[in-house]
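**Student:** Output the structure for:
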Amino acid sequence: MENTLYYGDNLDILRRDIPSESIDLVYLDPPFSSNADYNVLFSEKDGSRAASQIRAFTDTWTWGQEDEKVFAELVTAGGKAADVMQAFRVFLGPCDLLAYLVMMAPRLVELRRAMKSAASIYLHCDPTASHYLKLLMDAIFGPENFSNEVIWIRSLPHGNVRQMYGRSHDVILFYSKGTDTVWNRPFKPHRAKYIEDFYRYVDPDTGRKYRLVSCINPNPDRPNLTYEWNGNVRVWKWTRVRMQVTHDKGLLVYSKNGIPSYKNYLDEMKGTPMQDVWDDIPPLMGSSNERLGYPTQKPEALLERIISASSNPGDVVLDPFCGCGTTIAAAQKLNRLWIGIDITHLAITLMKQRLKDTFGVEVVSRNMKAGEVRESPGKPYFAVVGEPVSVPDAAALAESDPYQFQWWALGLVGARPAEGKKGADKGIDGKIVFQGDEVGKFENVIISVKGGNATVSHIRDLRGVVDREKAAIGVLISMEEPTKPMNTEAATAGFYESKLWNKKYPKIQLLTISDLLTGAQVKMPPIKQVSTTFKRAERHTEKGEQLELA
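**Tutor:** Below is the predicted model:
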């Protein structure tokens, strides 16, 4: 189960595959907006969005019959969650926001079931829905288990004509499941001004900075700590024995009237305990090396803080809306086990690439139903559950969801989905970009995916697109074996010649799903060092023990 990416509806996967009390930490950043699409993975260099890549969440939060059904199930189940959902309906009425809350409620119930007694959950949201989600979380986890409402300053100051004040923060709701919650208090470095004002003394022997802290106890009602020391009767912070030990070590400094203070050395302090407003983790800017092009991508530092504070090495971290995989990348870096779930093959493809680029691991695909495994012996690996691992699986996906099939097939060759609106792709389903013979010149491989019957006319169309786009190579990915006329048409297209690699590559190439599942790839110049198809995640180079991935 651990170190596994699941493709599919997270509610189904939580119910079917995640055992009760098996998870140590949950982080989720569920999408919410009635006017935005959340599965767009890439933006162009000019910042424009790749509209064709979003489908799964478009109009998801429009109230409909399915919402009525789920709402009825929630109410019938009874309990506090049912009470709060009925109150929401009375207050909000059937609307997009209520549909969103109906979607979230059963998932939060399942997440609580999956959490261990010492586990925590962090729900990342924006102020649009945070107050409703807090009431829902109170109902499911109990108000007594609410820990913090963390405010993350996620953007630089800006104006918005629709708002009186600029909106620059996200809300992270932090709840525990029980009373024995794992907690490793995070600290941040002291501010320079704080050090200047308080650590004003320097030890002449060691050069270490320190401040003086009074030994007088602020609580006057402590008879066991009341005694005479150095001619003064006070309520002290420590017992007489500890006071003597501290004095003997030369760590006490006495005032003129004999009141002791102790030396608090700067280099022995962890820093300032983190409060509930986080303004020290900047958002990812366009120029950030960490940025992969995912519009809602969060900084790894944010997830590293959460994971470090609320879990220990070897614990299991779950992200049921894992998007581009920041949670699982941070968990792997911190020697935690992890589980990620997402509803699009596009996101799964990006996460697989991120894990391979960052940690150099291999992928094992498991068929959810048949339990089939494609092993990658000799290297650490992580598992992907729910992807097709056979031609019948792929055919079923193509029939049930052509766009998911297209995105999955493009992922098999490492191609980036095409930009532009669905239905207006101009014969281009995806692209692979590689460096040409000249420095700074890049060439395109055009990919066309056909889930149904492909014919020779599709080859002619692909040749036309390659010529129109001045692309180096065109590739048709199909379910069925190409016919003889298709092979002939492809062969007559000639070759792309790379002078840099002193090699010729077929101008038009035909690949079947069967070919790709058995390891075939596009014939083209090597791209490991020069690929711009996907922005590569930086390699994790920290030395030390790393957990096995599976």
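
**Student:** what's the following helix or strand after whichever strand or helix holds residue 12?
**Tutor:** Taking DSSP states H and E as the definition, residue 12 sits inside helix 10-17. Next in sequence after helix 10-17, counting helices and strands by DSSP H and E, comes strand 23-28.

**Student:** Which pLDDT value goes with the residue lying closest to residue 230 once chain neighbours are set aside?
**Tutor:** Leaving aside its chain neighbours, residue 230 sits nearest to residue 258 (4.4 Å; criterion: C-beta to C-beta, 6 or more residues apart in numbering). Placement of C-beta: from N, CA and C, glycine included. Note for residue 258: predicted pLDDT of 96.

**Student:** list the contacts for residue 122?
**Tutor:** Shown in contact with residue 122 (C-beta atoms under 8 Å, 6 or more residues apart in numbering): 25-28, 150, 172-174, 306, 310.

**Student:** Check the gap between it and residue 28 for me.
**Tutor:** 8 Å (C-beta to C-beta, to the nearest Å).

**Student:** Repeat that for residue 471.
**Tutor:** 40 Å.

**Student:** List the residues that contact the residue of the chain most remote from its centre.
**Tutor:** Relative to the centre of the chain, and counting by C-alpha atoms, centre = their mean, the farthest-placed residue is residue 231 at 60.7 Å. Applying C-beta under 8 Å, 6+ apart, we find residue 231 in contact with residue 258.

**Student:** What about it? Give its phi and psi, please.
**Tutor:** When read as degrees, to the nearest 10, the backbone of residue 231 gives phi 80, psi 0.

**Student:** pull the longest strand from the chain.
**Tutor:** Assignment by DSSP state E gives strand 115-125 as the longest strand of the chain.

**Student:** And it, what's buried?
**Tutor:** By neighbour count on 16 or more other C-beta atoms under 10 Å, the buried set for strand 115-125 is 115-116, 118-125.

**Student:** which one of those is nearest residue 264?
**Tutor:** Comparing the buried residues of strand 115-125 against residue 264 with C-beta to C-beta places residue 120 closest, at 30.9 Å.

**Student:** distance of the nearest residue to the closest one once chain neighbours are set aside from residue 181?
**Tutor:** Spatial nearest neighbour of residue 120, excluding adjacent residues (C-beta to C-beta, 6+ apart): residue 310 at 4.2 Å. Per C-beta to C-beta, residue 310 is found 8 Å from residue 181.

**Student:** Which one's more surrounded, the two?
**Tutor:** A count of neighbours by other C-beta atoms under 10 Å puts residue 310 above the other of residue 310 and residue 181, at 26 against 17.

**Student:** got the phi/psi numbers for that one?
**Tutor:** phi -120, psi 20.

**Student:** With residue 173 instead?
**Tutor:** According to degrees, to the nearest 10, residue 173 has phi -90, psi 120.

**Student:** try residue 224
**Tutor:** According to degrees, to the nearest 10, residue 224 has phi -70, psi -20.

**Student:** Does the residue nearest to residue 230 belong to a helix, a strand or coil?
**Tutor:** Under DSSP: H, G, I helix; E, B strand; the rest coil, residue 258 falls in the coil class.
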